[in-house]
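Visitor: only geometry, no sequence info:
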C-alpha cells in the first residue's frame with residue numbers, strides 16, 4: 001500500500017508555506033505578539049483567500065470540501081510559520097454543523113464560514129480536558145450559563161460551538177446578549193485565548209449526541225498534533241542550520257560529536273510523528289468499520305506523542321543554539337511557546353493517554 005501524500009496535497013502545502021512566509025513573516029508575528037490591539041486581520045484575509053476558511057466545508061456551501069488529512073497538512077504549515085490564526089475553530093465548526101446541524105443552520109452559517117466573513121471558535125475544553133475551578137457551562141431551556149476557559153480565537157469569533165457539562169453542543173452567535181469575553185494570559189503570544197462567560201445566553205442545540213463531541217475532540221487533537229509537528233520541524237531545521245554556521249574553537253559546532261548527536265536525536269524522535277499524524281488524520285475520515293475506536297485511538301496517540309516529542313525538540317533545539325536560543329533576535333521562543341500551548345490544549349499527554357487507555361479497555 002502506498003501511503004504517501006498526493007501531488008495535489010504536496011503542492012497545496014508548499015504553496016501555503018510560501019504564502020505564509022510572506023504574510024506571516026517573523027517580523028509580522030513579532031508585531032502581532034507585541035500589540036494586543038493587533039487582530040491579525042491582514043493575515044486572516046490572506047489565509048481565507050487561499051481557501052483555508054472553507055477547507056472542511058463542502059463545495060455546495062462554497063468551500064473546498066477537502067479531507068481531515070488536508071486540514072492537518074494546512075495546520076502543519078501554520079505551525080511552521082507560527083501564524084497567528086485560530087485554525088481549530090475553522091475546522092471544528094463545519095464538522096459540528098455538518099454532523100449535528102439542521103439544514104437551516106447549515107445554510108445560514110456554512111457559506112459565511114467558507115468565505116471568511118464569519119470566524120468560528122470551539123469552546124469544548126472542559127468536558128475533554130477536565131473541569132477547572134470556576135469553569136463549566138450548563139444548559140437549560142435553550143439558555144447557557146457558566147464559563148468556558150482557554151478558547152482559541154474566542155475573543156473575535158462570530159460563531160461559537162459550545163459544549164456543556166453533559167457533553168451537549170450548542171451554537172451561540174458572537175453578538176448574543178449575556179455573552180462576555182475576557183483575554184486569558186497564556187505563554188503563546190501568537191494565539192490569544194478567551195474566557196467566555198454565559199449569563200442566560202440564547203443557544204441553538206446541535207444534534208449528534210456524545211459522538212459529535214468525540215469527533216470534535218479527535219479533530220482538535222489531530223490539528224494540534226499537526227501544528228506541533230510543523231513547529232518542531234522548524235526548530236530542528238534552525239538548530240541544524242545554526243550548527244553549520246556557528247564557530248567555536250576554530251570549528252563549526254556541528255562538527256562536534258555531542259552536537260551531532262543532539263540533532264540526530266531530534267530527527268529520529270520527530271520522524272515517526274509525521275506518519276502517525278498523517279494516519280490519524282486519514283483514519284478520522286476513513287477508519288475501518290470493524291474498528292470503530294480506531295480514529296479516536298490514533299488521534300490520542302498522535303496528540304500524546306507529538307506533545308512529548310515536541311517538548312524534547314523545543315528544549316534540545318534551544319540548547320544547540322546556546323545563549324542565542326533564548327533571545328528575541330532569533331525568535332526561537334515563538335515556536336517553543338507554540339509547542340508548549342499545544343501540549344496542554346484539549347488535555348495534556350497524561351490526560352490523553354488516560355483516555356486512550358479507556359478506549360482500549362485498559363482503564364476503568
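Guide: That came through, no problem. What you see is a predicted model, and the numbers here were worked out from it, not measured in a lab. Numbers count the residues shown, from 1 in each chain.
Visitor: in this structure residue 116 contacts residue 45, no?
Guide: Yes - between residue 116 and residue 45 there is a contact under C-beta atoms under 8 Å: 7.3 Å. All C-beta atoms are positioned from the backbone trio N, CA, C, and that covers glycine.
Visitor: between these two, which one's more packed in?
Guide: Legend: neighbour count by other C-beta atoms under 10 Å for residue 116 and residue 45, higher for residue 116 (18 against 13).
Visitor: now residue 98: closest residue in space that isn't a chain neighbour?
Guide: Nearest residue to residue 98, sequence neighbours excluded (C-beta to C-beta, 6 or more residues apart in numbering): residue 106, at 6.8 Å.
Visitor: wait, isn't that neighbour in contact with residue 97?
Guide: Yes - proximity of residue 106 to residue 97 meets the contact threshold set by C-beta under 8 Å, at 5.3 Å.
Visitor: the more surrounded of those two?
Guide: Between residue 106 and residue 97, residue 97 has the larger neighbour count (other C-beta under 10 Å), namely 25 against 17.
Visitor: would you check how far apart that one and residue 111 are?
Guide: Distance from residue 97 to residue 111, counting by C-beta to C-beta, to the nearest Å: 11 Å.
Visitor: ok, residue 9 next?
Guide: 25 Å.
Visitor: again with residue 319
Guide: 49 Å.
Visitor: neighbour count winner among these two?
Guide: residue 111 (17 against 12).
Visitor: regarding the more buried one, what is its secondary structure?
Guide: When classified by DSSP: H, G, I helix; E, B strand; the rest coil, residue 111 comes out as helix.
Visitor: please apply the same query to residue 180.
Guide: strand.
Visitor: tell me how many other residues crowd it.
Guide: By other C-beta under 10 Å, neighbour count at residue 180 equals 12.
Visitor: quick check: beta-bridge partners of the closest residue to it other than its chain neighbours?
Guide: Among residues not flanking residue 180 along the chain, residue 197 sits closest, at 3.9 Å (C-beta to C-beta, 6+ apart). On the basis of DSSP bridges, residue 197 is bridged to residue 147, residue 180.
Visitor: ok, residue 197 - contacts?
Guide: 146, 147, 179, 180, 181, 182 (C-beta atoms under 8 Å, 6 or more residues apart in numbering).
Visitor: if we use 10 Å, what do you get?
Guide: 137, 144, 145, 146, 147, 148, 178, 179, 180, 181, 182 (C-beta atoms under 10 Å, 6 or more residues apart in numbering).
Visitor: same check on residue 112?
Guide: 53, 61, 62, 118, 119, 120, 158, 159 are the contacts of residue 112 under C-beta under 10 Å, 6+ apart.
Visitor: how about the residues you listed in JSON lines, adding secondary structure, pLDDT and neighbour count?
Guide: Below are these laid out as JSON lines (DSSP: H, G, I helix; E, B strand; the rest coil; pLDDT from 0 to 100; neighbours: other C-beta atoms under 10 Å):
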{"residue": "53", "secondary structure": "helix", "pLDDT": "97", "neighbour count": "28"}
{"residue": "61", "secondary structure": "helix", "pLDDT": "97", "neighbour count": "20"}
{"residue": "62", "secondary structure": "coil", "pLDDT": "96", "neighbour count": "16"}
{"residue": "118", "secondary structure": "coil", "pLDDT": "97", "neighbour count": "19"}
{"residue": "119", "secondary structure": "coil", "pLDDT": "97", "neighbour count": "21"}
{"residue": "120", "secondary structure": "strand", "pLDDT": "98", "neighbour count": "27"}
{"residue": "158", "secondary structure": "coil", "pLDDT": "97", "neighbour count": "15"}
{"residue": "159", "secondary structure": "strand", "pLDDT": "98", "neighbour count": "21"}
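Visitor: turn those residues into JSON lines, including distance to residue 265.
Guide: Below are those laid out as JSON lines (distance: C-beta to C-beta, whole Å):
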{"residue": "53", "distance to residue 265": "38"}
{"residue": "61", "distance to residue 265": "46"}
{"residue": "62", "distance to residue 265": "46"}
{"residue": "118", "distance to residue 265": "44"}
{"residue": "119", "distance to residue 265": "39"}
{"residue": "120", "distance to residue 265": "39"}
{"residue": "158", "distance to residue 265": "45"}
{"residue": "159", "distance to residue 265": "43"}
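Visitor: which of these lies closest to residue 171?
Guide: residue 159 (6.8 Å; C-beta to C-beta).
Visitor: from residue 175, how far off is that closest one?
Guide: On the measure of C-beta to C-beta, residue 159 and residue 175 end up 10 Å apart.
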